[in-house]
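Chemist: here is my input, please return the structure:
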Amino acid sequence: MPSFKVDTSTAVVFVATAPVPKLVSKQTGERAVDRETGAGLSTVGLLISDEGEGNLYQVTVPETGLPDGLTPGMPVSVIGLKARDWKNTFNGQSRHGISFRAVAVTPLTAAKAA
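Modeler: All right, here's what the predicted structure looks like:
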């Protein structure tokens, strides 16, 4: 399925939840990895506010794109954010949604945040 770029150039973005490893299976604890680079994947909660509306997104990011020390409330910049719709069937039930993926999430410097 195709993915679509998400423009955050006019948005204010904050870390809502610290990054956690993304798992393929909760039962085995196997970590998800990027198919192209082999880098481990993590999920970070981001609050993205733009044009008077704020939304919480769970964004998948390779560990190479996540610096240490990202904490809730920290203003950040999102690089290469894309959205992709998905659909699957499990045990006869159809599910669908939108997943978000970014190349990197970087803290804003104090000068940029002001």
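Chemist: all helices of the chain, in order?
Modeler: Ranges of helices within the chain are 110-113, based on DSSP state H.
Chemist: show me the shaky parts of it.
Modeler: Along the chain, the model assigns pLDDT under 70 to residues 1, 110-114.
Chemist: which residues in it form strands?
Modeler: Under the criterion DSSP state E, the chain contains strands at 3-5, 12-21, 41-50, 53-62, 76-79, 82-90, 93-101, 104-107.
Chemist: CSV for those, including distance to residue 28 and mean neighbour count?
Modeler: The C-beta positions use only the backbone N, C-alpha and C, and glycine is treated the same way. Listed next are the strands of the chain as CSV, based on distance: least, CB to CB, whole Å; neighbours: other CB atoms under 10 Å:
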stretch, distance to residue 28, mean neighbour count
strand 3-5, 28, 10
strand 12-21, 13, 16
strand 41-50, 16, 19
strand 53-62, 19, 16
strand 76-79, 30, 18
strand 82-90, 17, 11
strand 93-101, 21, 12
strand 104-107, 27, 17
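Chemist: out of those strands, which is closest to residue 69?
Modeler: Closest of these to residue 69 is strand 104-107, at 7.4 Å (criterion: CB to CB).
Chemist: alpha carbons of the closest one, in PDB - could you do that?
Modeler: Taking Å, rounded to 0.1, in the frame of the first residue of the first chain, the C-alpha atoms of strand 104-107 are listed here in PDB:
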ATOM      1  CA  ALA A 104      14.000  10.400  13.000                       C
ATOM      2  CA  VAL A 105      12.700  12.400  15.900                       C
ATOM      3  CA  THR A 106      15.100  15.100  17.100                       C
ATOM      4  CA  PRO A 107      15.000  17.500  20.100                       C
END
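Chemist: among the strands of the chain, which is nearest residue 29?
Modeler: strand 12-21 (9.0 Å).
Chemist: is residue 102 in contact with residue 76, as I believe?
Modeler: No. Using CB atoms under 8 Å, residue 102 is not in contact with residue 76, being 10.1 Å away.
Chemist: from residue 25, how far off is the residue of the chain most remote from its centre?
Modeler: What lies farthest from the middle of the chain is residue 92; by CA atoms, centre = their mean that is 28.6 Å. Distance from residue 92 to residue 25, counting by CB to CB, to the nearest Å: 20 Å.
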